[in-house]
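1. Next one to model:
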Amino acid sequence: MDKKNTLQMIADISNSNGVSGFEDLVVDTIREHSQGLGTIKEDSLRNLYIYRKENKGNRITVQLDAHSDEVGFMVQAIRPNGTLQIIPIGGWVSSNIPAHRMWVRNAEGNYILGITASKPPHFMTESERKASLDINDITVDVGAVSKEEAVDKFKIRIGEPVSPDVTFEYLDEHDLMIGKSFDCRLGCASIISTLRELEGQELNVDIVGAAASQEEVGVRGATLTANVIKPDIAIVFEGCPADDTCVPAYEVQTAIKRGPMLRHIDARMITNPRYQRYALDLCKELNIPVQESVRKSGSTNGAAIHLSNKGVPTIVIGIPVRYAHTHYGISSYEDYVNGVKLACEILKRLDENIVKSF
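-> Below you'll find the model as predicted:
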């Protein structure tokens, strides 16, 4: 895997704005980096499909999944003072939202700079200072002084997406990536890297990559991609929340720099135990670092895929992301590499008999 080109691809996909339902720029970027891998199609939800050029048809079909959307906001109303009232798209903790740069798409399709704002402490009552911040107390300020100016000069309108303004960085000395929407732009990049690594190789399966929209609002895109592809088996790539900074050491199951994470369960899927064990055993055989987790909450596109058609054995290869669902994530490039390596090794070995054994 060419590290320089891979990091540039991750940067391009991460930097693209794409709140759920508004994934257009992300899809365009994924399409650009997928050129030459096979036939590329889209559907009405802006799900992107990559049909591997080496596919033969009439074979076991593997779906490689990731989601293209990111958590963000939508303009709900424009207040008389020109600030923008917003609603969250996807899961946010309100205290993480204020005092950050944001991109607001306007009526002309341009992204203009704004700041998430709340009442300054100078004007708060004692009870307000002690109270938890509510999303209704947070606005986006683009600098307009009235609703009329916001509409006429800034071209703001309701229903438009608002995305964090963050630029990807790679810290070579520490092998760390810092940027936005690693959940799940690292997954989207993983699909492309996997297909690149397997380019020209003879396999016993056909592969379709799918960058699904609207995962953060209820795995909506994957509900459609699974019905279009009709896979026999699936690998879901996910930028999964790291727990190594927030739980006791003995509970840590998703740490950065310890390899990809394979989850046994989450709120909406019990992972196929035979497929899961196959992947874990393969990691042991090939000395691929891996982590196992048991999750009480959260979910992935696997929730929709594993229940589609007649049932689809599905595993989740998660790249740990510190501070997922905030403006900034921290991940290890080596974890990304090992996640792609695991997917490639599984795909090299899969055949009809193995899939039936799951």
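
2. The helix or strand of the chain with the lowest mean pLDDT: how far from the chain's middle?
-> Every helix and strand in the chain was compared by mean pLDDT, DSSP states H and E; the lowest is helix 126-130, with a mean of 89. Centre-to-centre, helix 126-130 and its host chain are 36 Å apart (Cα atoms, centre = their mean, to the nearest Å).

3. name the helices or strands packed onto whatever helix or strand comes next after that helix?
-> Following helix 126-130 in sequence order, the next helix or strand is strand 139-141 (DSSP states H and E). If contacts are counted by 3 or more Cβ pairs under 8 Å, 6 or more residues apart in numbering; DSSP states H and E, strand 139-141 sits against strand 84-89, strand 111-117. Every residue, glycine included, has its C-beta placed from N, CA and C.

4. Generate CSV for those, with mean neighbour count as supplementary columns.
-> Rendered in CSV, the data for those read as follows (neighbours: other Cβ atoms under 10 Å):
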stretch, mean neighbour count
strand 84-89, 20
strand 111-117, 18
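
5. of all those, which lies closest to residue 127?
-> If you check each of those against residue 127 by Cβ to Cβ, strand 111-117 wins as the nearest, at 20.2 Å.

6. Would you map the helices across the chain?
-> Ranges of helices within the chain are 3-15, 24-33, 126-130, 147-152, 182-197, 220-229, 273-286, 302-305, 333-349, 352-357, based on DSSP state H.

7. ranking those helices by mean pLDDT, which is last?
-> The stretch with the lowest mean pLDDT among the helices of the chain is helix 126-130, at a mean of 89.

8. which stretches of the stretch 1-150 of the chain have low pLDDT?
-> Low-confidence segments of the stretch 1-150 of the chain (pLDDT under 70): none present.

9. let's go with 90 and repeat that
-> Low-confidence segments of the stretch 1-150 of the chain, defined by pLDDT under 90, span residues 58, 119-121, 124, 128-132.

10. can you tell me how far residue 240 sits from residue 68?
-> Look at residue 240 and residue 68: by Cβ to Cβ, to the nearest Å, they are 16 Å apart.

11. right, I mislabeled it, should have said residue 283
-> Distance of residue 283 to residue 68, given as Cβ to Cβ: 27 Å.

12. Equivalent analysis for residue 95, please.
-> The gap separating residue 95 from residue 68 is 27 Å, by Cβ to Cβ.

13. So for those two, which residue has more residues nearby?
-> Set side by side, residue 95 and residue 68 show unequal neighbour counts under other Cβ atoms under 10 Å, the larger going to residue 68 at 30 against 10.

14. Tell me which residues of stretch 2-15 come out buried.
-> Using 16 or more other Cβ atoms under 10 Å as the burial criterion, the residues of stretch 2-15 that qualify are 6-7, 9-15.

15. want to try TSV for the residues you listed, with distance to residue 175 as columns?
-> Formatted as TSV, the entries for the buried residues of stretch 2-15 read as follows, by distance: Cβ to Cβ, whole Å:
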residue	distance to residue 175
6	13
7	11
9	17
10	13
11	15
12	20
13	19
14	16
15	20
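
16. which residues touch the closest residue in space to residue 171 that isn't next to it in sequence?
-> Once flanking residues are discounted, residue 171 sits nearest to residue 178: 6.9 Å by Cβ to Cβ, 6 or more residues apart in numbering. Applying Cβ atoms under 8 Å, 6 or more residues apart in numbering, we find residue 178 in contact with 168-171, 328-330.

17. Let's see that with 10 Å instead.
-> Each residue near residue 178 by Cβ atoms under 10 Å, 6 or more residues apart in numbering is listed here: 14, 166-171, 322-323, 328-331.

18. ditto for residue 12
-> For residue 12, counting by Cβ under 10 Å, 6+ apart, the contacting residues are 26, 29-30, 32-33, 168, 185, 189.

19. now do 7 Å
-> For residue 12, the contacting residues are 29, 33, by Cβ atoms under 7 Å, 6 or more residues apart in numbering.

20. if we can go back for a sec, ok, which of the helices of the chain comes nearest residue 117?
-> When the helices of the chain are compared for distance to residue 117 using Cβ to Cβ, the nearest one is helix 147-152, at 13.9 Å.

21. What is that closest one packed up against?
-> For helix 147-152, the elements it packs on are strand 72-78, judged by 3 or more Cβ pairs under 7 Å, 6 or more residues apart in numbering; DSSP states H and E.

22. Packing partners of the strand it packs on?
-> Counting by 3+ Cβ pairs under 7 Å, 6+ apart, the packing neighbours recorded for strand 72-78 are strand 84-89, helix 147-152, strand 161-164.

23. Any buried residues in it, and which?
-> The neighbour-count check on strand 72-78 (16+ other Cβ under 10 Å) flags 72-75, 78 as buried.

24. which two from those residues end up farthest apart in space?
-> Across the buried residues of strand 72-78, the two lying at the largest distance from each other (Cβ to Cβ) are 72 and 78, at 17.8 Å.

25. Report the contact partners of the closest residue to residue 6 other than its chain neighbours.
-> What sits nearest to residue 6 in space, not counting adjacent residues and going by Cβ to Cβ, 6+ apart, is residue 193, at 6.1 Å. By Cβ under 7 Å, 6+ apart, the residues touching residue 193 are 1, 6, 340.

26. Can I get the residues you listed in CSV including distance to residue 265?
-> Formatted as CSV, the contacts of residue 193 follow (distance: Cβ to Cβ, whole Å):
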residue, distance to residue 265
1, 31
6, 31
340, 24
